[in-house]
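Asks: Build me a model from this:
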Amino acid sequence: MKSIKLSLLMCLITTNAFCLGVDTDSPKTLKSDKIYYNVKSEEIKASGNTELTNAAGQRVKLNELSLSKKQSDVAANDIELWLGSHVYIKADSVKRDGDETVAKHADFTACYECDSYGNAWDIHARTIIHEAEEKMLYFHNASFWVYDNNLPIFWLPYYEMPDPSVKYKTGFLAPSFNSTNGMGTQINIPFYVNISDRHDITTTLSYLTKENPLFQMEHRLNLTHSEFRTKGSFTHNKAGKNRWHLFNNDVIEMGDNTRATIHIERTSDKTYLQKYGFYDYQPYLDSGAKLELFGQNSYVVADTHIFQELRTPQANQSLVSGNILPNIHGTYQTNPFWHETYLSVSGDILAVSGDTTNSQRLVGEARITSPWTLFWGNRLTLSVASRYDVYNFEKTELADGTKDFTGAKTRFLPSGYVEWGLPLYSAQSDWTYIIEPRARLTIMQHTNKDYVFSKDNDSSGRFLSDTTLFSDNRYAGYDVWENGNFIDYGARWAAFNSKNNIEVFLGQTHDLNTDAKDFNDNGFRKGFSDYVGRIAYSRKYFEISSRFRNNRDTMRLNHTENSIYIGQGNNYITLGHIWDTKPIDIDSINNKDTHEVAAGAGLQITKRMSIKGSVIYNAYEHIIQRHAGGLFYEHPCYYFSVEYHRDNATKEDYVGNTTYQFKFGMSIDGRHY
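Replies: Now for the predicted structure:
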């Protein structure tokens with residue numbers, strides 16, 4: 001066999017499916033038994049075993065080839081083309097004239113040698129026409145076969161599809177099906193609209209046998225420094241009500257130091273998301289906007305939040321209400337001006353409006369922090385802070401019982417802390433051990449009830465855990481003050497080597513002043529608190545962790561959160577458990593325990609098939625809150641799944657729903673369609 005390197009462009013291998021031509025910029029390889037080149041007409045002919053390969057490794061085999069420099073006349077016989085890892089075309093003859101290429105008696109598949117069973121699917125056609133400019137394939141007299149031509153599926157006189165080089169093309173996508181006990185069978189027919197490589201829309205029309213149709217839309221736009229995402233749905237149900245939802249998330253990068261975010265979460269009513277399958281178990285929806293400014297030592301954010309409550313109040317329970325319009329937070333930290341001592345200044349402007357409160361707040365704080373590393377590795381941190389709050393209330397009920405108060409309130413809140421730690425480590429054999437005792441004394445101005453102000457605070461409760469120790473303010477928000485002096489202390493022990501990692505922490509807090517009223521059994525007591533801690537162990541394929549709080553007098557377990565993970569990839573087992581003697585929310589005063597177990601598992605049955613399942617069990621009420629399972633199959637050329645979901649929740653017009661869902665799609669060289 002003779003071989004010669006020429007400068008050829010194989011458009012059939014690069015951007016088009018069936019074109020040949022000349023390219024002087026990118027070298028390609030042509031191998032053939034015989035190659036003829038006519039200098040006068042600049043025409044190339046090859047005969048015998050001929051193979052062309054490009055730099056990407058894509059290739060074509062044929063017996064006879066004829067092409068001219070201008071590509072006006074290209075012809076080849078007995079041709080085989082490999083356009084990708086699994087994209088393969090075979091034809092008796094190929095002829096190209098201009099932008100149109102015609103293949104006679106051709107076979108096409110995007111699943112060439114996917115597995116030992118043969119091609120997952122093939123299309124046999126009397127004629128395949130490729131339009132280079134449109135990047136479309138047109139099949140005439142086409143029959144569809146599966147698994148290496150062993151089983152015919154259906155025949156079409158005409159069929160069209162984008163060529164394999166097309167990443168995005170307007171058209172219908174594979175439908176999906178699901179069935180619920182409330183709305184019957186649902187057929188989802190998605191239509192994809194490609195506007196550009198960075199801009200597209202997917203619309204979905206859903207037909208339901210027991211309800212009126214549902215319309216869905218998702219819009220995506222990516223710019224150089226921004227991205228925009230919007231999705232929503234609408235239906236006019238048989239009861240005559242318009243029901244809908246709109247979710248939007250836009251991120252706009254406005255230079256190296258500025259970023260804007262717009263987020264919208266809104267729905268027509270409390271149960272629509274849950275009833276139509278858009279619910280992600282969120283308790284409320286949050287809409288608003290945020291503007292962030294970054295500096296080398298500073299950060300400023302202005303944001304707004306408008307909430308929509310999805311929960312329904314139960315007996316002896318109320319729900320927090322109010323919108324934040326706006327919240328402006330800024331912080332600035334100096335470079336160290338002495339040793340490692342630095343100054344940080346922060347300020348907040350916050351306006352809250354709701355059913356029972358309407359107020360504007362100005363919070364400012366200046367803090368000096370000085371960390372020191374002393375003899376024998378002792379670490380000492382000193383900090384003092386001064387905070388001043390200004391509140392303006394409009395017809396607000398105060399904590400002292402005053403009704404419809406309108407006016408200003410101010411408070412001055414100085415504080416400081418001293419924190420000590422001594423990390424000690426020891427290396428023995430292949431293990432490294434660390435033990436670190438830690439203590440912190442926090443001094444805060446002791447206040448009275450007049451300093452609490454509003455009855456409905458944005459931080460109405462606190463909950464003691466291992467994560468809230470060693471913090472300035474153990475409440476969640478701005479309003480409630482710690483109200484006195486306290487000491488946090490604890491110790492952390494850790495051991496690790498190349499395969500194992502172990503951690504244990506135990507701590508407690510002690511209030512030096514008579515504490516203000518505690519909310520439920522949150523772990524804070526007059527004097528010494530409950531014990532809090534965590535235990536964690538991890539190694540390859542295995543993780544276990546536990547966070548806990550024990551009564552300091554009886555050692556009774558009051559709160560625990562546990563999790564276990566075993567496995568890798570699609571083979572795994574997960575177990576989660578949470579138990580609390582009473583709810584942590586001040587407004588949940590029904591004194592019910594929380595006891596919930598969550599479990600999940602996955603099993604890789606074959607190389608491509610797996611099953612997964614999950615369940616959440618309310619052990620306090622002895623009911624399964626929700627459970628789900630599914631069969632998933634991932635083939636290089638197609639994928640499908642069959643899933644089952646059961647939700648036992650009840651809320652207004654929503655009563656626990658069972659859903660079955662089926663999805664199917666095609667893949668070409670790893671891209672899903």
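Asks: Okay, helices next: where are they in the protein?
Replies: Using DSSP state H, the helices of the chain run over 272-275.
Asks: for residue 416, what are its contacts?
Replies: Contact partners of residue 416, counting by Cβ atoms under 8 Å, 6 or more residues apart in numbering, are 382, 383, 384, 385, 442, 443. Using the backbone N, CA and C atoms, a C-beta is placed for each residue, glycine as well.
Asks: ok, of these, which one's closest to residue 348?
Replies: residue 385 (14.1 Å; Cβ to Cβ).
Asks: Spatially, what comes nearest to the residue nearest the centre of the chain if we skip its sequence neighbours?
Replies: With distances taken as Cα atoms, centre = their mean, residue 280 lies nearest the centre of the chain, 12.0 Å away. Distances taken as Cβ to Cβ, 6 or more residues apart in numbering place residue 273 nearest to residue 280, at 7.9 Å, with adjacent residues excluded.
Asks: what's near enough to touch that neighbour?
Replies: Applying Cβ under 8 Å, 6+ apart, the residues near residue 273 are 245, 267, 279, 280, 310.
Asks: I'd like the domain boundaries of this protein, if you could list them.
Replies: Following automatic domain parsing, the chain resolves into domains at 2-166, 318-322+355-539.
Asks: As a markdown table, those with distance to residue 252 would be great.
Replies: Formatted as a markdown table, those follow (distance: least, Cβ to Cβ, whole Å):
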| stretch | distance to residue 252 |
| --- | --- |
| domain 2-166 | 30 |
| domain 318-322+355-539 | 27 |
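Asks: Lowest average confidence across those, which one?
Replies: Ranked by mean pLDDT, the domains of the chain bottom out at domain 2-166, which scores a mean of 70.
Asks: Can you flag which of the contacts of residue 273 belong to strands?
Replies: Secondary structure defined by DSSP state E assigns 245, 267 of the contacts of residue 273 to strands.
Asks: How much space separates the residue nearest to the centre of the chain from residue 647?
Replies: 12 Å (Cβ to Cβ, to the nearest Å).
Asks: What of residue 424?
Replies: From residue 424 to residue 647 the distance is 51 Å (Cβ to Cβ).
Asks: what about these two, which has more around it?
Replies: residue 647 (22 against 12; other Cβ atoms under 10 Å).
Asks: so where's the stretch 501-650 of the chain shaky on pLDDT?
Replies: Applying pLDDT under 70 to the stretch 501-650 of the chain picks out residues 514-522, 525-526, 582-592.
Asks: And for residue 505, the neighbour number?
Replies: With other Cβ under 10 Å as criterion, residue 505 counts 19.
Asks: tell me the contacts of it?
Replies: Taking Cβ under 8 Å, 6+ apart as the test, what residue 505 contacts is 466, 490, 491, 492, 493, 533, 534, 535.
Asks: Just the ones in strands from these, please.
Replies: Taking DSSP E, the ones among those that sit in strands are 490, 491, 492, 493, 533, 534, 535.
Asks: Drop anything exposed from those residues.
Replies: 490, 491, 492, 533, 534 (16 or more other Cβ atoms under 10 Å).
Asks: Of all pairs in the residues you listed, which one is the farthest apart?
Replies: Every pair of these checked by Cβ to Cβ; the farthest is 491 and 534, at 12.1 Å.
Asks: In this structure residue 389 contacts residue 408, no?
Replies: No: here residue 389 lies out of contact with residue 408, judged by Cβ atoms under 8 Å, at a distance of 10.7 Å.
Asks: still on that earlier bit, want to try a markdown table for the contacts of residue 505, with distance to residue 501 as columns?
Replies: Conversion of the contacts of residue 505 to a markdown table gives the following (distance: Cβ to Cβ, whole Å):
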| residue | distance to residue 501 |
| --- | --- |
| 466 | 17 |
| 490 | 20 |
| 491 | 18 |
| 492 | 13 |
| 493 | 12 |
| 533 | 17 |
| 534 | 13 |
| 535 | 12 |
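Asks: which one of those is nearest residue 543?
Replies: residue 535 (12.0 Å).
Asks: does residue 599 really touch residue 566, like I thought?
Replies: No: if you go by Cβ under 8 Å, residue 599 and residue 566 don't touch, sitting 11.7 Å apart.
Asks: Overlap of the contact sets of the two?
Replies: Joint contacts of residue 599 and residue 566 (Cβ under 8 Å, 6+ apart) are 573, 574.
Asks: can you give me how far stretch 428-444 is from the chain middle?
Replies: Relative to its chain's centre, stretch 428-444 lies at 35 Å (Cα atoms, centre = their mean, to the nearest Å).
Asks: Specify the residue positioned farthest from the middle of the protein.
Replies: residue 40 (62.6 Å).
Asks: so how far is residue 66 from it?
Replies: Residue 40 is 15 Å from residue 66, by Cβ to Cβ.
Asks: and if you look at residue 368?
Replies: 85 Å.
Asks: what does residue 298 give?
Replies: Residue 298 is 71 Å from residue 66, by Cβ to Cβ.
Asks: can you check residue 509 too?
Replies: Distance from residue 509 to residue 66, by Cβ to Cβ: 88 Å.
Asks: Those two - which one has more neighbours?
Replies: Shown here are residue 509 and residue 66; by other Cβ under 10 Å, residue 509 has more neighbours (24 against 17).
Asks: Hmm, that one is touching residue 527, no?
Replies: No: counting by Cβ under 8 Å, residue 509 stays clear of residue 527, with 10.1 Å between them.
Asks: so where is the stretch 151-300 of the chain shaky, pLDDT-wise?
Replies: In the stretch 151-300 of the chain (pLDDT under 70), no residue qualifies.
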